[in-house]
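Chemist: my questions concern the predicted model and sequence given below.
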Amino acid sequence: MDPPPLRRSPLARAPATAALQAHGLHVLEAMEFKMPVASEWEEGSEVLVNTSSCQPFCRRSAAHDKEELFQNVLTQVAEQFSRAFKINELKTEVTNRLAMLEKRVELEGMKVVEIEKCRNDIKKLREEMASRNNSNFLEGNKKLTPRRDVPSYPKYMLSQQTIDALKKPAFDVWLWEANEMLSCLEHMYHDLGLVRDFNINPITLKRWLLCIHDNYKSNPFHNFRHCFCVTQMMYSMICLCSLQERCTQVDVLILMTAAVCHDLDHPGFNNTYQVNARTDLAVRYNDISPLENHHCAVAFQIFSQPDCNIFSTFDPESFKQIRQGTITLILATDMARHGEILDSFKQKVDNFDYTDEEHSTCLKMVLIKCCDISNEVRPMEVAEPWVDCLLEEYFMQSDREKAEGLPVAPFMDREKVTKPTAQIGFIKFVLIPMFETVMKLFPQIEETMVQPLRESRDRYEELKQIDDAMNEVQKMKSENLTMGGKKK
Ligand SMILES: [Zn+2]
């Protein structure tokens, strides 16, 4: 048996304590970190397991004490290193976080700058709009941003054939792209002598027409092509009825301009929808012809831009006259006023007086109404696609009305309406009576305008008979099938 280990003396511990303290570690603290357990003591052969509480380490060997101390120091050093590493890790993490935060602050800062820039831009635009227009209900409508450049649409050289065809109701309105229609409209203003007589700037005319085009929505029916159709029919009627010999050039300018502007910014949903859905337009115009009021307002917002104002050379009185005349005609296109306007015209037509302003205004109102709903005057192959366009727009509305729980008009309901049923009543009870009344004043329209309407009515009545017969056969077939099923 080896000699018993030396007692641990306080002196023997002193250097170690000093070393530990030099590392900034308290001795007691160090001891607490590694209290030897029973099994460790047992491993040392010289050491007896100490059960006494008064002298815990007295029987350990000095070598063992040293080893233990060394172990403790090592542990503490490792711990210190570990802490140092942890601090480093922490430092890295904090640095990374700081970098991220800096990045975010930078990005947020950029966003703030961008937002501020946008705000300023919007403010400038609003101020520009406000300075150009008295009302602000079209605020934010980019389409109305003035075009300072000369319109880029090419000036088409219209062939003599096109120039001649433009004056006739049979003109095929489907053959032309937007730019070509713009050139045709431009030609009409020149051809009627309006550019010359009113000293209209030809570049302003181009810009105005382009702005008009941009302010028609791409609805199935109420789009720029419809605007072109109505204006081309007006031009045809002016030519056919020799209106320039009977009316003033101001009247002609009003007729043409009202036709061009009459459905501006049409949303594709009619007045009934506007009122029932309580849209902004219905609220703004107190349910009184909301759409027509809107078309007018948009038209004069466009004129309020100097770059698009074809009336810029007019004196205030003349402008007032043009403005009043245009407004009256556009408001007359509300079909809710059809009976009232036609009745008024019927009372005047037999004793029509071109010098009477009331007569003249009433005639212009009827003329724009005729042009607005004149598709069926055109040849069948030109007219028929418009019925599909109109039904498409109607069905969009009725679908929306159903979805929103609003009343649905039967003539707009895809479950109830067919092309013949949609057209027959309209041609028989609206179109023919109106055109026949106008025919009293201008008998020359019978051949090119009234006769095509009668033919169209007859054709749709035949189609309806075929539809009815087909439905009858279908009904009988299904009845037979049911009877057969019952017999079995
Ligand atoms: Zn229209």
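Modeler: Received, thanks. Every value quoted in this text rests on a predicted model; they were computed, and no experiment measured them.
Chemist: got the contact list for residue 376?
Modeler: Residues near residue 376 by C-beta atoms under 8 Å, 6 or more residues apart in numbering: 383, 423, 426, 427, 431, 452, 453, 456. (Glycine included, C-beta is placed from N, CA and C.)
Chemist: so which of those is the most crowded?
Modeler: Among the contacts of residue 376, residue 423 has the most neighbours (other C-beta atoms under 10 Å), with 25 neighbours.
Chemist: just checking, that residue touches residue 456?
Modeler: Yes - the pair residue 423 / residue 456 is scored as a contact, 7.3 Å apart, by C-beta atoms under 8 Å.
Chemist: returning to that earlier point: from the contacts of residue 376, which land in helices?
Modeler: 383, 423, 426, 452, 453, 456 (DSSP state H).
Chemist: and the two most separated of those?
Modeler: Greatest spatial distance among the ones in helices among the contacts of residue 376 (C-beta to C-beta): 426 and 452, at 14.4 Å.
Chemist: now the residue nearest the centre of the chain: which helix or strand?
Modeler: In the chain, the residue lying closest to the centroid (C-alpha atoms, centre = their mean) is residue 217, at 9.7 Å. For residue 217, there is no enclosing helix or strand under DSSP states H and E.
Chemist: what are the buried residues along stretch 67-85?
Modeler: Of the residues in stretch 67-85, 68, 69, 72, 73, 76 count as buried by neighbour count, 16 or more other C-beta atoms under 10 Å.
Chemist: again but with stretch 447-462, I slipped
Modeler: For stretch 447-462, by 16+ other C-beta under 10 Å, it's 449, 450, 452, 453, 454, 456, 457, 459, 460.
Chemist: give me the nearest residue to residue 373, chain neighbours excluded.
Modeler: With sequence-adjacent residues excluded and distances taken as C-beta to C-beta, 6 or more residues apart in numbering, residue 373 is closest to residue 431, at 6.5 Å.
Chemist: how about that neighbour, what does it touch?
Modeler: Counted by C-beta under 8 Å, 6+ apart, residue 431 has contacts 373, 376, 377, 453.
Chemist: OK, contacts around the residue in the stretch 301-450 of the chain that the ion sits nearest to?
Modeler: Closest approach between the stretch 301-450 of the chain and the ion, counting by C-beta to the ion: residue 372, at 4.4 Å. Going by C-beta under 8 Å, 6+ apart, residue 372 touches 230, 262, 333.
Chemist: which one of those residues has the most neighbours?
Modeler: residue 262 (27 neighbours).
Chemist: can you pull the contacts of that residue?
Modeler: Contacts of residue 262 by C-beta under 8 Å, 6+ apart are 227, 230, 292, 295, 329, 330, 333, 368, 372.
Chemist: which member of the buried residues of stretch 67-85 is positioned nearest residue 96?
Modeler: Closest to residue 96, out of all of these and judged by C-beta to C-beta, is residue 76, at 29.8 Å.
Chemist: and the closest one, how close does it get to residue 82?
Modeler: Between residue 76 and residue 82 the distance is 10 Å, computed by C-beta to C-beta, to the nearest Å.
Chemist: try residue 458
Modeler: 102 Å.
Chemist: do the same with residue 307
Modeler: On the measure of C-beta to C-beta, residue 307 and residue 82 end up 77 Å apart.
Chemist: same check, this time on residue 222
Modeler: Distance from residue 222 to residue 82, by C-beta to C-beta: 79 Å.
Chemist: check residue 391 too.
Modeler: 82 Å.
Chemist: ok, and the closest non-adjacent residue to residue 449?
Modeler: Per C-beta to C-beta, 6+ apart, closest to residue 449 is residue 377, 4.9 Å.
Chemist: is it true that that neighbour touches residue 236?
Modeler: No - with contact defined as C-beta under 8 Å, residue 377 does not reach residue 236; the gap is 9.1 Å.
Chemist: where along the stretch 151-300 of the chain do the helices fall?
Modeler: Assigned by DSSP state H, counting those that start in this stretch, the helices in the stretch 151-300 of the chain fall at 160-165, 178-191, 194-197, 202-214, 224-240, 243-246, 249-261, 271-276, 280-284, 290-303.
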